[in-house]
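Colleague: pasting the sequence and the predicted coordinates here, then a few questions.
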Protein chains: 2
Amino acid sequence: MAYPIGFRYSAAYAGIRKVAKDDLALIVSDTPASAAAVFTKNLVAAAPVELARRNLQSSRGRVRAWLVNAGNANCATRTGERVALECVRVTAKTLGIEEQEVLPASTGVIGVEMNGRLVVDAMPELVAALRPDSFDAVAAAIMTTDTRPKTAFAQMKRAAMAGMAKGSGMIHPRMATTLGFVLTDANIPAAKLRGILTRATDRSYNRISVDGDTSTNDTVVLLANGCSGVRPDPNEFAAFAEGVAVVMETLARQIARDGEGARKLITIDVAGAVNDDAAAALARAIANSPLVKTAIAGSDPNWGRILSAAGNAGVVFDPAKVDIEMQDVLVCRGGLAARFSEDALKQKLDQPECAIHFQIRGKGKGRARFWTCDFTEGYIRINASYRT
Amino acid sequence: MAYPIGFRYSAAYAGIRKVAKDDLALIVSDTPASAAAVFTKNLVAAAPVELARRNLQSSRGRVRAWLVNAGNANCATRTGERVALECVRVTAKTLGIEEQEVLPASTGVIGVEMNGRLVVDAMPELVAALRPDSFDAVAAAIMTTDTRPKTAFAQMKRAAMAGMAKGSGMIHPRMATTLGFVLTDANIPAAKLRGILTRATDRSYNRISVDGDTSTNDTVVLLANGCSGVRPDPNEFAAFAEGVAVVMETLARQIARDGEGARKLITIDVAGAVNDDAAAALARAIANSPLVKTAIAGSDPNWGRILSAAGNAGVVFDPAKVDIEMQDVLVCRGGLAARFSEDALKQKLDQPECAIHFQIRGKGKGRARFWTCDFTEGYIRINASYRT
């Protein structure tokens, strides 16, 4: 696969997290790139989120650099705003660009003062190490409880697209959860990017759930630097938008699969609801149910929990018209137990991917797809000791 | 403590659950009692819930008997309605009362046909064993994954009140979760009971959360048989209502404490919100956060997760005005880390009860109290293998 041209990457260990593992990363576009971003809807938003939002506004969607650290969320701290600004300033100064062209992002623990000096001290080396082939090093540096880096790629004509994401816990489907970054060397105006990003977010990051919690630092950024010289004409925008959506879906699915403690990716398809919103509400209720997620962890075809979770979605449907399939095996027909071999299905559920189809019979055309993961003792182990 | 007079109780093993442990229970009032009930708001409601609702309406709130089984929810089954009716009929016939004076309730697995014959066969013995001092046997018989029976008592003048409940998983605060039963020998009209039960539910069963799932079978019933001869006059109703609320709060707290896998009861107090509804929304968001609940499991004073969970409540507040206490230790002052000894607080959190105070400074008078439990590996173990 081809990386988009005109971007350079760098990662380093600045000492922000205790373990000596890269915790500071920088992505730079050689020319000012058009940018769009979506941010957390948590009322408690971290200082770098507020600053990134402000910079994006004052630069009118022109971005040169993205600076991200792991190990500290820089949220709910006395010095949050000052530290975020300090990090952005040293980046701009070292790169010789405008402050407002730098977007900051942070991930890690909340409520612990972040030492901006560590970033300032690491900056010369970080900038010196910028290289076009260090994309994967950055994808690794932004990991926290992630067990593997998350990347995705696409190609449209001669333009390339590459995305990276981090996220494992605090994943909830009402917004762009986690950090995500999608780069392309196509030439797209910022105004156009915003619509493309919003629609792609709706079918990717807004369709995953790990634990129902929404972070204070969630940020997804889409950058288009135009370096390929490819400028989609109006009737090519749809294909470009589809490329963005596919990259983001691939990232989102990886986040769900790598949910804290997860052993299985669960894909939930709902069909036959009165409209897509109703279908999404049903899929979300099933994806968020701890009882459904623990049943899958135990490879238990306990479809009653799926039906019950749907019944709590706040959506009106007739339970007697519901068919449910697990791994393509019909387990519930018209709201009642179907005949199936429990032993055979248990074996099928004992796989790294699990599919749930929830179909309402009738004329409804509403459809939705959601991704989540099984809920295991590993989630508890990770989160009962995250800080300590 | 005194049990209300004029009630008799019985429990037996009818073979509905696999393990030989009482799974069928009956409570009978010697005279027709005034009754009020609240039922699940899950769209997928079990057959006994529908029948109990219907019987309560056609009898205009006059009840003689409550029949409950564990081991099978009688929900999403082909024969659900017929079996529920069969159980009610044999109860009425054996007791010599009207069918509509019997309220049925079931708890257990969803989607498995229930064998009504088991109830019919057990009924003669169950009725023959009715005794005024078997209250505790019934409280034990309705347990499923509960680790202990849940009972509560109160006394008003010469009238007595006794309550029992079951519930451990599928506990969510938007309704009367689980099965609950409150009996009194005071004389109160059914119309009055309904308002008393609704208000008491709002401050008890609607204020607990274990896993955010709402069952298909939730039922809480309040019966007043008048056998004590005590008839509260209008200005004594408030004291009576308070008694009901205290009994139900005590039961609700026991349910939260006995949450599946729980080691700790967490009490969450929110104050200073714009009104009580906003305070309840904040308390609910904190109580439902898996990250808060796993932090408490690990005795980790990770107040950032509490602030972040509140930020997702959909309630507007200023994070900079928030003070948070854990076990009466100030951990967050004005939205920022307070100075406290982490080691000392860890020891204080390593106790069976944990208190979280979330206070918004200012003029807001809204208050709410919620109960939940810590989230441990035991929850996963129980629910990954519940059916098998």
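Modeller: Happy to help now that I have it.
Colleague: residue contacts, the closest residue to A:Asp276 other than its chain neighbours?
Modeller: Using Cβ to Cβ, 6 or more residues apart in numbering or on different chains and skipping the chain neighbours, the partner closest in space to A:Asp276 is A:Gly366 (4.8 Å). In short, each C-beta sits where N, CA and C put it, glycine included. By Cβ atoms under 8 Å, 6 or more residues apart in numbering or on different chains, A:Gly366 lies in contact with A:270-279.
Colleague: any chance of a markdown table for the residues you listed, columns neighbour count and pLDDT?
Modeller: What follows is the contacts of A:Gly366, written out as a markdown table (neighbours: other Cβ atoms under 10 Å in any protein chain shown; pLDDT from 0 to 100):
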| residue | neighbour count | pLDDT |
| --- | --- | --- |
| A:Val270 | 30 | 98 |
| A:Ala271 | 19 | 97 |
| A:Gly272 | 21 | 97 |
| A:Ala273 | 27 | 97 |
| A:Val274 | 16 | 96 |
| A:Asn275 | 14 | 96 |
| A:Asp276 | 14 | 95 |
| A:Asp277 | 12 | 94 |
| A:Ala278 | 21 | 96 |
| A:Ala279 | 26 | 96 |
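Colleague: one step back: partner residues bridging the residue nearest to A:Asp276?
Modeller: Counting by DSSP bridges, A:Gly366 forms beta bridges with A:Ala273.
Colleague: and the residue of the stretch 101-250 of chain A nearest chain B?
Modeller: In the stretch 101-250 of chain A, the residue that lies nearest chain B is A:Ile110 (2.7 Å; Cβ to the nearest Cβ).
Colleague: in a strand, that residue, correct?
Modeller: No. Secondary structure of A:Ile110 (DSSP: H, G, I helix; E, B strand; the rest coil): coil, not part of a strand.
Colleague: sec struct for the nearest residue to it once chain neighbours are set aside, please.
Modeller: Nearest non-adjacent residue to A:Ile110, counting by Cβ to Cβ, 6+ apart: B:Gly304, 2.7 Å away. Assigned by three-state DSSP, the conformation of B:Gly304 is helix.
Colleague: run a quick neighbour tally on B:Gly304.
Modeller: Residues within reach of B:Gly304, counting by other Cβ atoms under 10 Å in any protein chain shown, total 25.
Colleague: now A:Asn312
Modeller: When neighbours are counted by other Cβ under 10 Å, A:Asn312 registers 26.
Colleague: the residue nearest to A:Ile110: what's it in contact with?
Modeller: With contacts defined as Cβ under 8 Å, 6+ apart, B:Gly304 is in contact with A:73, A:75-76, A:109-112.
Colleague: distance of it relative to A:Glu113?
Modeller: The gap separating B:Gly304 from A:Glu113 is 12 Å, by Cβ to Cβ, to the nearest Å.
Colleague: which strand of chain A spans the most residues?
Modeller: Ranked by residue count and defined by DSSP state E, the top strand of chain A is strand A:24-39.
Colleague: run through who's touching the helix or strand following that strand.
Modeller: Using DSSP states H and E, the helix or strand that follows strand A:24-39 in sequence is helix A:47-58. Contacts to helix A:47-58, defined as Cβ under 8 Å, 6+ apart, come from residues A:35, A:37, A:39-40, A:63, A:74-75, A:77, A:80-81, A:83-85, A:87-88, A:99-106, A:216-219.
Colleague: quick one: the residue lying closest to A:Gly80 once chain neighbours are set aside from chain B, how far?
Modeller: Leaving aside its chain neighbours, A:Gly80 sits nearest to A:Ala47 (3.3 Å; criterion: Cβ to Cβ, 6+ apart). From A:Ala47 across to chain B, the span is 12 Å (Cβ to the nearest Cβ, to the nearest Å).
Colleague: does the residue of chain A most remote from its centre count as helix, strand or coil?
Modeller: Distance from the C-alpha centroid of chain A peaks at A:Arg339, with 38.3 Å (Cα atoms, centre = their mean). Put simply, A:Arg339 is coil when judged by three-state DSSP.
Colleague: and for the residue nearest to A:Glu377 when sequence neighbours are not counted, the neighbour number?
Modeller: In space, and not counting its chain neighbours, A:Glu377 is closest to B:Glu377: 4.1 Å by Cβ to Cβ, 6+ apart. The number of residues packed near B:Glu377 is 18, by other Cβ under 10 Å.
Colleague: likewise for A:Arg231?
Modeller: Look at A:Arg231: counted by other Cβ under 10 Å, it has 12 neighbours.
Colleague: tell me who's in contact with it.
Modeller: By Cβ under 8 Å, 6+ apart, the contact set of A:Arg231 is A:186-188.
Colleague: and for A:Ala84?
Modeller: Each residue near A:Ala84 by Cβ under 8 Å, 6+ apart is listed here: A:47-48, A:50-51, A:74, A:104, A:106.
Colleague: do A:Ile360 as well
Modeller: A:Ile360 is in contact with A:270-273, A:317-318, A:321-322, counting by Cβ under 8 Å, 6+ apart.
Colleague: partner residues bridging A:Trp371?
Modeller: Following DSSP bridges, A:Trp371 is listed with bridge partners A:Ile208, A:Thr267.
Colleague: quick one: it and A:Ile255, what's the gap?
Modeller: Taken as Cβ to Cβ, the span from A:Trp371 to A:Ile255 is 8 Å.
Colleague: mutual contacts of these two, please.
Modeller: Here A:Trp371 and A:Ile255 share the contacting residues A:Ile208, scored by Cβ under 8 Å, 6+ apart.
Colleague: ranges for the helices of chain A?
Modeller: Taking DSSP state H as the criterion, chain A carries its helices at A:47-58, A:80-95, A:116-128, A:135-141, A:190-202, A:237-257, A:276-288, A:290-297, A:303-311, A:342-349, A:377-383.
Colleague: comparing those helices by mean pLDDT, which bottoms out?
Modeller: For those, mean pLDDT drops lowest on helix A:377-383, to a mean of 79.
Colleague: which strands and helices lie in contact with it?
Modeller: If you count contacts as 3 or more Cβ pairs under 8 Å, 6 or more residues apart in numbering or on different chains; DSSP states H and E, helix A:377-383 packs onto helix B:290-297, helix B:377-383.
Colleague: please identify the deepest-packed of those helices.
Modeller: Across the helices and strands packed on helix A:377-383, the average number of neighbours (mean count of other Cβ atoms under 10 Å in any protein chain shown) peaks for helix B:290-297, which reaches a mean of 27.
Colleague: using PDB, list the CA coordinates for it.
Modeller: Provided in PDB are the C-alpha atoms of helix B:290-297 (Å, rounded to 0.1, in the frame of the first residue of the first chain):
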ATOM      1  CA  PRO B 290     -17.800   0.700  34.500                       C
ATOM      2  CA  LEU B 291     -14.600   2.700  34.900                       C
ATOM      3  CA  VAL B 292     -15.700   4.200  38.200                       C
ATOM      4  CA  LYS B 293     -16.900   0.800  39.400                       C
ATOM      5  CA  THR B 294     -13.700  -1.000  38.400                       C
ATOM      6  CA  ALA B 295     -11.600   1.800  40.100                       C
ATOM      7  CA  ILE B 296     -13.500   1.200  43.300                       C
ATOM      8  CA  ALA B 297     -13.000  -2.500  42.900                       C
END
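Colleague: which elements pack onto it?
Modeller: With contacts taken as 3+ Cβ pairs under 8 Å, 6+ apart, helix B:290-297 sits against helix A:377-383, helix B:303-311.
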